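>>> Show me how the following folds:
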Amino acid sequence: MRLYLCRWQNGDCSFVQATNKGESVEILDEIGNAEGCPLTSVQDFMVHFRVSDTGELEFEEFGEVTEHVLLETAYPLLDKAFLEAPREKRSGEPTAEGARIIRDAVQQERKRIKPKKVAPPQTELGRRIKSQTDASTRMIDRIVRKVGKESLKRFESEGKPH
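Predicted structure coming up:
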């Protein structure tokens, strides 16, 4: 299984473990339709969560390599802004101008990704379902094939017509 990074059109990102990109799109359907979104295989990954006093898992930080790869791969404009933004000498925090550069980069990142064209479902029924839902083509085709096979089995088991 591989770990994939999905860069959503709105600027968000998700990580998913799947055998291939097609399966990752199906799993990501829990969040939204990832068809046409960039999916990148990730080699090094580390994330740390802490347990809050109320028992909730809270994101603490990414590993250094993971954060670097994430910014470089999914957020190149933001990565560049972090590198170029002027910073306070003592604290290392961005200056007011640096903060503006970073905010502008975030806005650009949210508009940067345009979804790729995806193939339509293989059947007319599938195309109708796709027009009414936000499901992926791969998922629709799989479900239509499965239901079709089950219907044919029931039809065949009824015997020959008299």
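
>>> Distance of residue 31 relative to residue 70?
Per CB to CB, to the nearest Å, residue 31 is found 17 Å from residue 70. For every residue, glycine as well, the C-beta is placed using N, CA and C.

>>> More neighbours: which of the two?
residue 70 (21 against 12; other CB atoms under 10 Å).

>>> if I look at that one, how far off is residue 14?
Residue 70 is 11 Å from residue 14, by CB to CB.

>>> hey, what's in contact with both of these two?
residue 5 (CB atoms under 8 Å, 6 or more residues apart in numbering).

>>> any idea how far the lengthiest helix in the chain is from the chain center?
As assigned by DSSP state H, the longest helix anywhere in the chain is helix 137-157. Remark: helix 137-157 is offset 28 Å from the chain centroid, using CA atoms, centre = their mean, to the nearest Å.

>>> residues in contact with it?
Applying CB under 8 Å, 6+ apart, the external contacts of helix 137-157 come out as 22, 25-26, 29, 35, 118-123, 125-126, 129-130, 133.

>>> Domain-wise, how is this protein divided?
Following automatic domain parsing, the chain resolves into domains at 2-118, 120-162.

>>> out of those, deepest packed?
domain 2-118 (a mean of 14; mean count of other CB atoms under 10 Å).

>>> How far does that one stretch from one end to the other?
Domain 2-118 has an end-to-end distance of 22 Å (CA to CA, to the nearest Å).

>>> Then stretch 47-66?
8 Å.

>>> can you give me the helices for the protein?
21-28, 64-74, 76-84, 96-112, 124-132, 137-157.

>>> Go through those helices and name the closest to residue 40.
Ranking the helices of the chain by proximity to residue 40 (CB to CB) places helix 64-74 first, at 5.4 Å.

>>> hey, what's residue 18 bridged with?
Using DSSP bridges, the beta-bridge partners of residue 18 come out as residue 2.

>>> For residue 139, see how far away residue 25 is.
8 Å.

>>> pLDDT-wise, which helix or strand of the chain ranks last?
In the chain, no helix or strand scores lower on mean pLDDT, DSSP states H and E than helix 137-157, which sits at a mean of 82.

>>> what angle separates that one from helix 124-132?
Relative orientation of helix 137-157 versus helix 124-132 (axes from the mean of the first three to the mean of the last three CA atoms, to 10 degrees): 140 degrees.

>>> Extract the C-alpha trace of helix 137-157 and format it as CSV.
The C-alpha trace of helix 137-157 is given here as CSV (Å, rounded to 0.1, in the frame of the first residue of the first chain):
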residue,chain,number,x,y,z
THR,A,137,-16.6,7.8,-11.8
ARG,A,138,-14.6,4.8,-10.6
MET,A,139,-16.9,4.3,-7.6
ILE,A,140,-20.0,4.6,-9.8
ASP,A,141,-18.7,2.2,-12.4
ARG,A,142,-17.8,-0.3,-9.7
ILE,A,143,-21.2,-0.1,-8.1
VAL,A,144,-23.1,-0.3,-11.5
ARG,A,145,-21.0,-3.4,-12.5
LYS,A,146,-21.7,-5.1,-9.1
VAL,A,147,-25.4,-4.5,-9.2
GLY,A,148,-25.5,-5.6,-12.9
LYS,A,149,-23.8,-8.9,-12.1
GLU,A,150,-26.1,-9.5,-9.1
SER,A,151,-29.1,-8.8,-11.3
LEU,A,152,-27.9,-11.2,-14.0
LYS,A,153,-27.3,-13.9,-11.5
ARG,A,154,-30.9,-13.6,-10.2
PHE,A,155,-32.2,-13.6,-13.8
GLU,A,156,-30.2,-16.7,-14.7
SER,A,157,-31.2,-18.6,-11.5
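
>>> Okay then, goodbye and thanks.
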